[in-house]
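Q: below is the sequence, then the predicted model.
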Amino acid sequence: MFGKLKAVHCGIFLASETNVNWRNRAQVNKFKNLGDSVWPNHRLVVCSHACGNNQVNKSRAYLPGGCAIWVNHFWSSRVIDCGHDEFDMGRWCFVTLGVKGGVLLTIFCIYR
């Protein structure tokens, strides 16, 4: 998938309802490494429900919902801010890029 994104010169890729437990560090590293194989020095912004931290789900790879934003190596140096929903529901995340002239661009990945 990442090879195809690179081929079409994708700068930022958003994925909603990833069904990945982004609170499981092994899963984050797995997807970070996949991105690194195509976009060295890229930025990965993720969110998932807080229940991904509980004893039952902590080590699981699967968790319903979640969002992710991959920012390629060109744009990753322009990331000013990033985050996720304040209620830890795993419904949305965002990244803010700073561009020339002081203009800020905020991109949200949201699902309902």
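A: Nice, thanks for sending it over. Numbering: from 1, shown residues only.

Q: list the contacts for the closest residue to Val46 other than its chain neighbours?
A: The shortest distance from Val46 to any non-neighbouring residue, by C-beta to C-beta, 6 or more residues apart in numbering, is to Trp22 (3.9 Å). C-beta: built from backbone N, CA, C; applies to glycine. Trp22 sits next to 28, 46-48, 52, 63, 66, 68, 90 when contact means C-beta atoms under 8 Å, 6 or more residues apart in numbering.

Q: just the element for Trp22, please.
A: According to DSSP states H and E, Trp22 maps onto no helix or strand at all.

Q: how near is it to Gly102?
A: 32 Å (C-beta to C-beta, to the nearest Å).

Q: what's the pLDDT at Leu5?
A: The model reports Leu5 with a pLDDT of 88.

Q: ok so it is a helix residue?
A: Yes. Under DSSP: H, G, I helix; E, B strand; the rest coil, Leu5 falls within a helix.

Q: quick check: phi and psi at the residue lying closest to it once chain neighbours are set aside.
A: The shortest distance from Leu5 to any non-neighbouring residue, by C-beta to C-beta, 6+ apart, is to Phe13 (5.6 Å). The phi and psi values for Phe13, taken as degrees, to the nearest 10, are phi -120, psi 130.

Q: all set now, cheers.
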